[in-house]
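Return atomic coordinates for the entry below.
(chains A and B)
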Amino acid sequence: MDYQQLLLTLLPDLLVVVALFAALGVDYSRLRGSRLAKRYEVAFQISAAGLIAGLAVLVLQIAETMPVMESTADGQLELTRSTLTLKALLYAMGLGVLPLAKRDQITPQVSEYFALLLLATLGMGFVVTSRNLLGAFVALELVSLSLYAMTVLNQASRASAEAALKYLTFGAVASGFLLFGLSYLYGATGQLDLTQMTGLKYSPMLVLAYLLIFVGLGFKLALAPFHLWAPDVYQNAPTPVAGWIGSGSKIAAAALLIALLKPVSSTLKDALIPALAALAVLSMVVGNLGALRQTNLKRLLAYSAIANAGYLLVGVVAFSAAGNTSVIFYILVYSLASLGAFGVVAVLTDTLGRDAEINDFNGCWKTTPGLAAAFLVFVLSLAGIPPLAGFLGKFYLFFAAIEAAPEAASWHDGFYWLVAFALIMSVVSLYYYLRVLKAFLVAPADDGAAITPSKIGWAAGVTLCVLALAVVALGLWPEPLLALLKNPS
Amino acid sequence: MTALLTIILSFIGALVCGLMPAGAHRRIRWVALTFAAAGLGVSAVCCVNYSGGEFGGEFADRLDAEWIPSLGIGFATGYDGISLPLLLVTGLVAVCGVLFSWSLESRANQFYAFYFTLIGGVYGVFLSLDLFLLFVFYEIAVVPKYFLIAIWGGARRQFAAMKLVLYSFGGSALVLLGMLAVFFLAHDASGEPLKTFSLLALQEGQVPAAAQQWIFPVIFVGFAIMAGMWPFHTWAPTGHVAAPTAASMLLAGVVMKLGAYGCLRVAVGLLPAGAQDWASWVAVVAVINIVYGALVALKQDDFKYVIGYSSVSHMGFVLLGIATLNLTGMTGAVLQMFSHGVIGALLFALVGTVIYSRTKTRMLDELHRLIDRMPGIAWVFIVAGLASMGLPGFSGFVSELYVLIGAWGSLSGWIVAGAGAGILLTFGYTLVKIHEAFFRERSPAVDNQAETAYPPMTLPEKTGVAILLGAALLIGLCPWLLTDKISPSLKLMLERFPN
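Residues are numbered from 1 along each chain as shown, chains lettered A, B, ... in the order given. Just a heads-up that it's a prediction; the model follows:
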C-alpha cells in the first residue's frame, strides 16, 4: 500500500483531527484561567481553521487536482466524486454550526464542546464515505456518542440532562438493532464490503436483516415509530447542537441507508417496499399532525423533521438511481434549511434564557428584519415552496417514485398513492409552517414579543446569509449539484 | 424576449420596493406605479407585436433554454392569443391596484414586495411554455397572497388567509400529481415516451386515452379550485372580503384567471380525450357555479361579499365556455377571463376603497341614500354594475354571448337554460344590491351624519376607474381587438382534438 497516497487521501480528516487536539490542548494549557469569551473565541478559531483547511483539500480532491485513492483498505472507504461532495458539504455545514456554538456560551467546557462538534463532523464524513459494514457502524457510533455528549452540555438545565439520557438510551437500543441487522446481513452474504455485495435475492434472513437495519437507522432519521426521542432532544439540547442533530446526522444516516439498500435485487425489493412505505406513511402522519399542536418552535421543528423523514422514504422506495440521487439531494437541501432555521432561532433566543415559544417571535419583521427574511426563506424551503431548494428536493423524490412504475394499472400499483398521500400531507404541513411565519412576519411587534434584538456577529451573520443563498441557489440552479451527486456507476 | 421583461420587471420591483425604508411610502407608491406601468407597457407592446395575424395563432416571442435537463425541465416562455388578453389584464389590474392603494402607509415597502412577487408569478404562469416552470410560477403567486391578506387585510384576515392558501396548495398538490403522470405517460406518434415537461412537445404527443380518463379530472379540479369552482369556491368570498383592496383586485382580477388558464392550457390542451369525456360534468358544475353564486350574492348583507359571490358566478361562465370545447364557447371563456378581470377588479376597488374609505361600513343596511351623498361615485358604481351584469356595449356582454352561443352548439339544452337563468339572477342581484346601496333610505336614521355629503373621488381613484372602465368599454365595442388573437390560437388547440 502506498502510504503517501493514503495520507494525501485522508488529509482532510487528519487536518480536522489536528484541529481537534489543538483546540483541546490550547484550552487546557494556555487558556486555563482566561475569560470564557476568550476561550470560546480561540476554540472557535482553531476549529474553524481545521474545518476550512479540510474543506479546501476536499474541494481540490473533488476537482481532481489532488490525487485520491478511489477505494482504500479493501473497500473500507469509497471516495468517488459523489461521496466526496457529500463529505465536503458536511464539513461546510459543520463549519456553519461553529459560530452559532460560539455565540451561545452555555458551558465552561469550551474546548470539549468544539472538539465534540468536530468529532461528530468527522464521523459523518466517514459514514458517508464508508462502504464497509463495520466501518460504517463505528463511524455512525462516533457521530451518535458525540451528539449524546453535546446534548447534555447545558449543565444548568435539568431538561437538557433528561433529554440526553432519553437520547442515549433510545440510541443505544437502536444501535443494537442496527448492529444486529448488519450481522445478519454479514451472515447471509459472507461479506462486510458493501461494494462486493450485488443482487441480494429474497430470503427471510435478509428481510429480517433489513428490517432490523430500518429500526436502527429509523431511529437516527427520526422515523415514526422510532421518533419518540426527537421532540425532547430538539427542544432541550443547546440550539446549535439541535441544529446539527437535525441536519448533519440526518445526512449521514440517509446516505448509509442508501448505501445499504443499493445491493438489493428486485425480488428482495418487493418484500421491503411495504415496510418502507408503512414507515413513510406513519412518519408523515405523526410528524405533520403532531406539529399542528406545538407551541414551542424547536419542538415544532422536531415534528417537521419526522415528517420530512417520511417524505424521504418516498424516494427510497423507488429503488432506482434517480431515487437514490433524489434522497441524497433532498436530505441535503432539507438539512441546509433546517440548520438555517435553527441558526435563526439560536441567534434570536440565546439571550432569552428559556425555551422560546412561537409567540415570542412576534414582530421580528420590525426588530430584526434581516433574520425574519432569512427565516422566511428557510421555512418556505422546508414547506417545499418553489423556487426554493426544498421544493425541488420534494419534487425530485416524487418524480423518482412515480418513475419507478408510471403505468400503474390500479391505484395500489406503483407509487401514485404514496405520492398523493405525501402531497396531501405537505398541504397539512403548510398550516403550521405558516403559523410560525405569522409570528415572524405578520404579528405586530407589541404583541407579546419577548425577543430583544442582539448583535448577531459577523460569523453567524455570514453563516445564515450563505445558508439562505444556498437554499435559493439550489432551487434555481440545481443541475451542478445533481451532476456531482450522481454516481458514475 | 420582450414578454419576459414583464416577469423580470415585477421581481425587480418587488426587490426595490422591499429594500426601500418603511417610512418612505410616498416614494414607494411612485416606484410601485412605475414598475406596474412598465409591466403594462410591455404587455401592450406584446399585444401590438402579435396583431396582424403573421403568427397564425402560434406562440410568439419564444425562448427555449435548458434549465434542469436531467429532469426534462426547460426554461421555455412565449405567448399566444390565449395568454395575451391575460397578460393585458394583469398589467391593467396591477397598475390600478397601486392607484387604489395610494393612501396605504403601514409597511408599504413590504406590501409592494409581496404585491410584485405575486404579479411576477402571475405573468410567469401566463408566459410559461414548460409545465414545471408554469407550476413554479403558479406557486410563487400563492405565498404572497397569504401575507397580503394576513397583514393588511380586514376582519377575520388570519382565517381567510390561511383558508385561501390551504385551498390553493390543495389544488397545486393535485396539479403536481397529474403533471408527473403526464410527464411519464405522454408519448409521441411512434409510441416513444417523451419524458419532457415542454408544453409544446406534450401538445404534439399524446397521453394514452385510458390514463387521460383519470389525469384530466385531477389536473382540471386542481386548477379549477383556484378558479373558484363549486364546491371548492369557499376560499374565494372569504379571501376576497378579508383582503386589502389591491389584493382583492388581484385575486378576483387575475389570480382566479390563473386557475382558469391552467384548466384551459394544461388540462384541456394536453388531455383532449379526457376533456371530451368529462365536458358535460364540467358544464354541470359551471352552471351550478353561475346559479349558486348569483343566488348567494342575492342574500348577502355585506357589499364586498356580494361582489365576492358575483365573482364565483362569473367564473362559472369561464368554466362553461371551456366545457363547450368549441371555438365560439372557448373564445368566450378567454374573453370572459379578460372581462371579469377588469370589471371584477373595478367593483372590488369601488366597494373596498372608494366607498368604504368614505362610509367606513360595507353593510348594506347601514348605507343611506348614497346617491345623494356621493353622486359621482354612485353613478360610476352603477355603470360598473351594469357592465358586470352584461349590458351591451361592455365586454361582459360579448363574452357571455359567445359562451352561450358556444354552449348552444355543443351542450344539452338544460345547461343553456340553467346559464340563462343565471343571467336573469345576475340582473336580479345587481339591481337589488344597487338599490339597497345607493337608493334605499335607512329606516331609523340613527346617526346625525346621515345627510352629510362625502368627498368626491381623488385623482388616483378617478384614473383607476377610467382605466378599468375604459378597457371594459373598449373591448365591449371592439371585441375583435382580442377575438382576432384568441380564436386562431384556440383553433390550433382544437385541431389537435381527436374526433
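
near chain A, which residues of the stretch 51-200 of chain B show up?
B:67-71, B:107, B:110, B:132, B:135-136, B:139-140, B:142-143, B:146-147, B:150-151, B:158, B:162, B:165-166, B:169-170, B:173-174, B:176-177, B:180-181, B:183-185 (Cβ under 8 Å from any Cβ of the partner chain). Heads up, the C-betas are built off the backbone N, CA and C, glycines and all.

Swap in 6 Å and give it another go.
B:68, B:70, B:136, B:139, B:143, B:150-151, B:169-170, B:173, B:177, B:180, B:184-185 (Cβ under 6 Å from any Cβ of the partner chain).

model confidence over the strand ranked longest in chain B, on average?
Ranked by residue count, the top strand of chain B under DSSP state E comes out as strand B:60-68. Strand B:60-68 shows a mean pLDDT of 88.

before we move on, back to that, hmm, which of the residues of the stretch 51-200 of chain B next to chain A are the buried ones?
Buried by 16 or more other Cβ atoms under 10 Å in any protein chain shown: B:68, B:136, B:139, B:143, B:150-151, B:169-170, B:173, B:177, B:180, B:184-185, out of these.

The stretch 51-200 of chain B: helices as residue ranges?
B:83-100, B:108-127, B:131-140, B:143-152, B:157-185, B:199-204 (DSSP state H, counting those that start in this stretch).

re the thing from before, ok, the residues of the stretch 51-200 of chain B next to chain A vs residue B:117, which is closest?
Residue B:117 lies nearest to residue B:143 out of these, by Cβ to Cβ, at 7.8 Å.

Not counting residues beside it along the chain, what's closest to the closest one?
residue A:385 (5.7 Å; Cβ to Cβ, 6 or more residues apart in numbering or on different chains).

For the residue of the stretch 301-450 of chain B at minimum distance from chain A, list the residues it contacts.
Using Cβ to the nearest Cβ, the closest approach of the stretch 301-450 of chain B to chain A is made by residue B:352 at 20.0 Å. Shown in contact with residue B:352 (Cβ atoms under 6 Å, 6 or more residues apart in numbering or on different chains): B:245, B:248.

Assign it to helix, strand or coil.
The local conformation at residue B:352, judged by DSSP: H, G, I helix; E, B strand; the rest coil, is helix.

Look at it and report its pLDDT.
In this model, residue B:352 carries a pLDDT of 85.

Please report the distance of it from residue B:315.
19 Å (Cβ to Cβ, to the nearest Å).

for the stretch 351-489 of chain A, what spans make up the helices?
A:364-367, A:369-383, A:389-404, A:416-437, A:458-476, A:479-485.

do the first one and chain B meet at all?
By that I understand helix A:364-367. No. Judged by Cβ under 6 Å from any Cβ, helix A:364-367 stays clear of chain B, getting no closer than 7.2 Å.

which residue sits closest to residue A:148, ignoring its sequence neighbours?
Closest to residue A:148 by Cβ to Cβ, 6+ apart is residue A:168, at 4.7 Å.

Please tell me how far the residue minimising distance to the centre of chain A sits from residue A:107.
Centroid check for chain A by Cα atoms, centre = their mean gives residue A:247 as the closest residue, at 2.5 Å. Separation of residue A:247 from residue A:107 (Cβ to Cβ) stands at 21 Å.

Likewise for residue A:224?
Distance from residue A:224 to residue A:107, counting by Cβ to Cβ: 32 Å.

quick one: which of these two has more around it?
residue A:224 (24 against 18; other Cβ atoms under 10 Å in any protein chain shown).

For the spatially closest residue to the more buried one that is not a sequence neighbour, give its distance to residue B:417.
With Cβ to Cβ, 6+ apart as the criterion, residue A:224 has its nearest non-adjacent residue at 3.8 Å, and that residue is residue A:286. Relative to residue B:417, residue A:286 is positioned 52 Å away (Cβ to Cβ).

and the worst-scoring helix or strand of chain B on mean pLDDT, how far out from the chain's middle?
Here the helix or strand of chain B ranked lowest by mean pLDDT, DSSP states H and E is helix B:370-373, holding a mean of 81. Helix B:370-373 sits 31 Å away from the centroid of its parent chain (Cα atoms, centre = their mean, to the nearest Å).

So what touches the following helix or strand past that helix?
As assigned by DSSP states H and E, the chain's next helix or strand after helix B:370-373 is helix B:375-389. Under the criterion Cβ under 6 Å, 6+ apart, residues B:343, B:346-347, B:350, B:354, B:370-371, B:394, B:396, B:426-427, B:430, B:434, B:438, B:456, B:465, B:472 lie in contact with helix B:375-389.

how about a cut-off of 7 Å?
Contact with helix B:375-389 is made by B:310, B:343, B:346-347, B:350, B:354-355, B:370-371, B:394, B:396, B:426-427, B:430, B:434, B:438, B:456-457, B:465, B:469, B:472, as judged by Cβ atoms under 7 Å, 6 or more residues apart in numbering or on different chains.

In PyMOL, select just the buried ones from the residues you listed.
A single PyMOL command selects the buried members of the contacts of helix B:375-389 (16+ other Cβ under 10 Å):
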select buried, chain B and resi 310+343+346+347+350+354+355+370+371+394+396+426+430+434+438+457+465+469+472
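
ok so, going back, please point out which parts of the longest strand of chain B sit buried.
For strand B:60-68, by 16+ other Cβ under 10 Å, it's B:60-61, B:67-68.

Now the two most distant members of those.
B:60 and B:68, at 25.2 Å, using Cβ to Cβ across the buried residues of strand B:60-68.

Tell me where the model's unsure across chain B.
B:52-53, B:443-451 (pLDDT under 70).

and if we set it to 80?
Counting by pLDDT under 80, chain B shows low-confidence ranges at B:1, B:51-57, B:365-369, B:441-453, B:499.

Most tightly packed of the helices of the stretch 351-489 of chain A?
Neighbour counts (mean count of other Cβ atoms under 10 Å in any protein chain shown) averaged over each of these peak at helix A:389-404, with a mean of 26.

picking up where we left off before, was I right about the residue nearest to residue B:143 contacting residue B:146?
No. Between residue A:385 and residue B:146 there is no contact under Cβ atoms under 7 Å: 10.5 Å.

thinking again about what came up before, would CSV of the helices of the stretch 351-489 of chain A with mean pLDDT be doable?
Conversion of the helices of the stretch 351-489 of chain A to CSV gives the following (pLDDT from 0 to 100):
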stretch, mean pLDDT
helix A:364-367, 83
helix A:369-383, 93
helix A:389-404, 93
helix A:416-437, 92
helix A:458-476, 93
helix A:479-485, 90
